[in-house]
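Peer 1: no FASTA, just this:
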């Protein structure tokens with residue numbers, strides 16, 4: 001390679017090849033990071049959505065059980081109306097007994 005023009009050509013060609021390889025590696029790394037970021041963002045969004053839905057379901061269940069226990073004070077939830085009435089009568093009788101004991105002890 002005694003001719004400087006031929007040497008400059010090969011040096012220029014080698015520089016272009018090295019630059020091309022480095023750009024290719026940088027672009028591949030950037031696209032890889034972008035794909036990883038996208039996958040992580042989707043996973044976090046999915047987890048967030050699952051947590052929101054789970055909390056909403058728990059709140060709805062709590063509200064439902066709150067109204068259910070509001071309609072059946074004994075908390076039996078059996079659906080048997082006569083049994084609920086009997087339990088309420090028993091509680092009323094117990095309360096009357098306690099009130100009578102209190103009244104007699106305070107005299």
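Peer 2: Sure thing, it's come through. No experiment lies behind these values; they were computed from the predicted model shown. Residues are numbered from 1 along each chain as shown.
Peer 1: need phi/psi at residue 3.
Peer 2: phi -80, psi 120 (degrees, to the nearest 10).
Peer 1: and it, how many neighbours?
Peer 2: As a burial measure, residue 3 scores 8 neighbours (other CB atoms under 10 Å). Bear in mind the C-beta positions are built from the backbone N, C-alpha and C, glycine included.
Peer 1: quick one, helices of the protein?
Peer 2: All helices of the chain, identified by DSSP state H, fall at 4-71, 81-106.
Peer 1: give the buried residues for the last one.
Peer 2: I take that to be helix 81-106. 84, 87 (16 or more other CB atoms under 10 Å).
Peer 1: can I see the domain layout of this structure?
Peer 2: 1-71, 72-106 (the TED database).
Peer 1: what's the least confident stretch among those domains?
Peer 2: If these are sorted by mean pLDDT, domain 72-106 sits at the bottom with a mean of 80.
Peer 1: work out the gap between that domain and the centre of the chain.
Peer 2: Distance of domain 72-106 from its chain centroid, counting by CA atoms, centre = their mean, to the nearest Å, is 42 Å.
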